[in-house]
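> only geometry, no sequence info:
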DNA sequence: CCAAACTGTGTCCATCGGAAGCAATTCTAT
DNA sequence: ATAGAATTGCTTCCGATGGACACAGTTTGG
């Protein structure tokens, strides 16, 4: 797997060419067209042909701007997640971390394909690194080690991802109801083999909204984090 | 997106056909061949041609057993994760949940492509549901609501997934060192714009092993869970 | 014994990502 | 001003992919 292409595309400072016809396209235009397609019809609908056609160009012209499809997808994903919001600065650390995690959700919800696009080996992009930076900044002043700080962000972001994935398949949309109904149907027919799932699922649908799942999980994590930070700050050796 | 095919394949009780030549293949054989390819060369190397060739058959013969490639991948993923281990029964609840989450890791590590294969809308398979069942059983007796119990599992499994993804790109393998080096290189060159990342990364590589990341995150989550369960059991209304 | 059912195969097709070469355009150096 | 260099977008071509479809061979139930 070669990642140098993505690295160049995501991080390369491009010296504007001096001769030849002026480029009619830009990275932003191309990635934007790809994002629009992926938002509307899923990541599988994104092909070089399709992106180029939507822009009114031939597919091969895209290769003047993008080394390949994989790199284009990486660019789309980084662009789609946007930049992290500015830290409000007030509130305690956990509340700000909570806000950080919550701010991550809209991107995943509006662009569910980002989940698929960001699994597997890949190069971290500028926006993703900006998110990491703003999250790590919220952990400054704690006695957590470097790896531990990144781990906290991984847990938080991982949970938001999970919720987003679940949300992408359950809400009102066509696929959503289909999937939710499918799971309920499976358990309904074979509930004897899965009593705990049956009980939890029945209780869940009876309660109606499982929308507080995100908050519940975040509180869980942040409660644990608070205790961790406190115990590290506690000068007693044990 | 049509999921009925996956549903049939994963959950369908197939009545053995009565006439005609005996089938030379089985779901297990086909999925096993696909798993072997994906393990060795990644999910992208799995094609109908390749799977069939490895089995000594034509690609079209596979379509007698599998409705399509997507369904085959789903079957592979469910099979690759295996069944959850039996609950030891001793130890406190959080320790057993910890063991449950840890047991999830080897599957993801041995079959990193499962991460890619299980993102996006999909049908839950028998093995995945068995994992869910065994995890939910460990939460019996708590005063957590149904949705909350599933959420706890989602957080735990999500973290294991994240660690597995990180592990799949960082360890000694070719791609791994490349990716890790790329991230370090990016931050090294543009560290000024990402001071917190730079600090955390420097500290992390100085410490050497970030292998305890999994345990750290699990402890975080389970600490929070313990507090949640205790507060729910506490009869004081507030 | 024969028709129904089922198997594996061969052929065909649209689409995909990408390589190579070509004509047109524009800038730079003279 | 003009010739050469650089860069654009396009056309053509290729191998591989997922899948539809029809066909011949094999097994079994009535």
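Thanks, I have it. Just so we're clear, the structure is a prediction, and the values are computed from it rather than from any experiment.

> Look up phi and psi at residue A:89.
The phi/psi pair for residue A:89 (degrees, to the nearest 10) reads phi 90, psi -20.

> and the gap between it and residue A:134?
Distance of residue A:89 to residue A:134, given as CB to CB, to the nearest Å: 12 Å. Just so you know, the C-beta spots here come from the backbone N, C-alpha and C atoms, and that holds for glycine as well.

> More neighbours: the two, which one.
Neighbour count, other CB atoms under 10 Å in any protein chain shown: between residue A:89 and residue A:134, residue A:134 has more, with 21 against 6.

> helix or strand right after the helix or strand harbouring residue A:185?
Using DSSP states H and E, residue A:185 sits within helix A:174-189. Counting by DSSP H and E, the next helix or strand C-terminal to helix A:174-189 is helix A:195-207.

> That next one and chain B in contact?
Yes. Against chain B, helix A:195-207 shows contacts by CB under 8 Å from any CB of the partner chain at A:195, A:196, A:197, A:199, A:200, A:201, A:202, A:203, A:204, A:206, A:207.

> any chance you could map the helices in chain A?
Counting by DSSP state H, chain A has helices at residues A:4-11, A:27-41, A:48-55, A:59-62, A:69-81, A:93-110, A:113-117, A:126-137, A:146-169, A:174-189, A:195-207, A:213-233.

> Which elements pack onto the second one?
Think helix A:27-41. Contact analysis of helix A:27-41 by 3 or more CB pairs under 8 Å, 6 or more residues apart in numbering or on different chains; DSSP states H and E lists helix A:48-55, helix A:69-81 as its packing neighbours.

> again, but for the fifth one
Counting contacts by 3+ CB pairs under 8 Å, 6+ apart, the secondary-structure elements packed against helix A:69-81 are helix A:4-11, helix A:27-41, helix A:48-55, helix A:93-110, helix A:113-117, helix A:126-137.

> ok and the last one relative to helix A:4-11, angle-wise?
With axes from the mean of the first three to the mean of the last three CA atoms, to 10 degrees as the criterion, the two stretches helix A:126-137 and helix A:4-11 enclose an angle of 70 degrees.

> tilt between helix A:126-137 and helix A:93-110?
Using the same axes, to 10 degrees: helix A:126-137 against helix A:93-110 is 160 degrees.

> Same list (the residues of helix A:195-207 next to chain B) but as CSV, adding pLDDT and distance to residue A:95.
As requested, these are exported to CSV (pLDDT from 0 to 100; distance: CB to CB, whole Å):
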residue, pLDDT, distance to residue A:95
A:195, 96, 39
A:196, 96, 34
A:197, 95, 34
A:199, 93, 34
A:200, 91, 30
A:201, 88, 32
A:202, 88, 34
A:203, 87, 30
A:204, 80, 28
A:206, 75, 32
A:207, 71, 26
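
> Output the lowest mean pLDDT helix or strand found in chain A.
helix A:174-189 (a mean of 71; mean pLDDT, DSSP states H and E).

> Contact partners for the spatially most central residue of chain A?
Residue closest to the mean C-alpha point of chain A, counted by CA atoms, centre = their mean, is residue A:108 at 4.9 Å. By CB atoms under 8 Å, 6 or more residues apart in numbering or on different chains, residue A:108 lies in contact with A:114, A:115, A:160, A:161, A:164, A:168.

> what does residue A:64 give?
Per CB under 8 Å, 6+ apart, neighbours of residue A:64: A:23, A:25.

> so what pLDDT did it get?
pLDDT recorded at residue A:64 is 96.

> quick one: residue A:164 and DNA strand C, what's the gap?
Counting by CB to the nearest atom of the strand, to the nearest Å, the gap from residue A:164 to DNA strand C is 24 Å.

> and the gap between the residue nearest to that residue when sequence neighbours are not counted and residue A:124?
Using CB to CB, 6 or more residues apart in numbering or on different chains and skipping residues adjacent in sequence, the residue nearest residue A:164 is residue A:108, 3.5 Å away. Distance, residue A:108 to residue A:124, using CB to CB: 17 Å.

> Equivalent analysis for residue A:224, please.
26 Å.

> Same check on residue A:214?
24 Å.

> Tell me which residues are up against stretch A:195-214.
Contacts of stretch A:195-214 (CB under 8 Å, 6+ apart): A:102, A:105, A:159-160, A:163, A:166, A:183-184, A:187-188, A:191, B:129, B:132-133, B:136-137, B:139-140, B:145-151, B:154.

> List only those of those residues flagged as buried.
Neighbour-count burial (16 or more other CB atoms under 10 Å in any protein chain shown) applied to the contacts of stretch A:195-214 gives A:159-160, A:163, A:166, A:183, A:187, B:129, B:132-133, B:136-137, B:139, B:145-151, B:154.

> my guess is residue A:155 contacts residue A:221, does it?
Yes. With contact defined as CB atoms under 8 Å, residue A:155 counts as touching residue A:221 (5.5 Å).

> What residues does chain A have near DNA strand C?
Contact residues, chain A versus DNA strand C (CB under 7 Å from any atom of the strand): A:18-22, A:46-50, A:59-60, A:63, A:68-70.

> hang on, the earlier thing: check the helices and strands packed on helix A:27-41 for me and report the most buried one.
A comparison of these by mean neighbour count, using mean count of other CB atoms under 10 Å in any protein chain shown, puts helix A:69-81 on top with a mean of 23.

> hmm, who's touching it?
In contact with helix A:69-81 (CB under 8 Å, 6+ apart) are residues A:5-6, A:9-10, A:27-28, A:30-32, A:34-35, A:38, A:43, A:46-48, A:51, A:62, A:66, A:104, A:107, A:110-111, A:114, A:117-118, A:122-123, A:125-128, A:131.

> count of residues packed around residue A:65?
Neighbours around residue A:65, by other CB under 10 Å: 19.

> I figured it hits residue A:25, correct?
Yes. Look at residue A:65 against residue A:25 with CB under 8 Å: they come within range, at 5.7 Å.

> Any stretches of chain A with poor pLDDT?
A:17, A:170-180, A:208-211, A:235-238 (pLDDT under 70).

> List the buried residues of stretch A:101-111.
With burial defined by 16+ other CB under 10 Å, the residues of stretch A:101-111 counted as buried are A:101, A:103, A:104, A:107, A:108, A:111.

> What distance do you get for the first one to residue A:206?
Right, residue A:101. From residue A:101 to residue A:206 the distance is 28 Å (CB to CB).

> With the third one instead?
Using CB to CB, we find residue A:104 at a distance of 30 Å from residue A:206.

> dump the residue contacts of residue A:165.
A:112, A:115, B:119, B:120 are the contacts of residue A:165 under CB under 8 Å, 6+ apart.

> Nearest residue to the last one in space, please, no chain neighbours.
For residue B:120, the nearest residue in space outside its immediate sequence neighbours is residue A:116; the separation is 5.1 Å by CB to CB, 6+ apart.

> I'd say that neighbour and residue B:121 touch.
No. In this structure residue A:116 lies outside contact range of residue B:121 using CB under 8 Å: 10.1 Å.

> Now for whatever residue of chain A ends up closest to DNA strand D, how many residues are close by?
Among the residues of chain A, residue A:20 lies closest to DNA strand D, at 2.4 Å counting by CB to the nearest atom of the strand. Look at residue A:20: counted by other CB under 10 Å, it has 6 neighbours.

> centre of the chain versus stretch A:38-53, how much separation?
On the basis of CA atoms, centre = their mean, to the nearest Å, stretch A:38-53 sits 19 Å off its chain's mean C-alpha point.

> Which residues does that stretch contact?
A:30, A:33-34, A:37, A:58-63, A:69, A:72-73, A:76, A:110-111, A:113, A:116-117, B:1, B:120.
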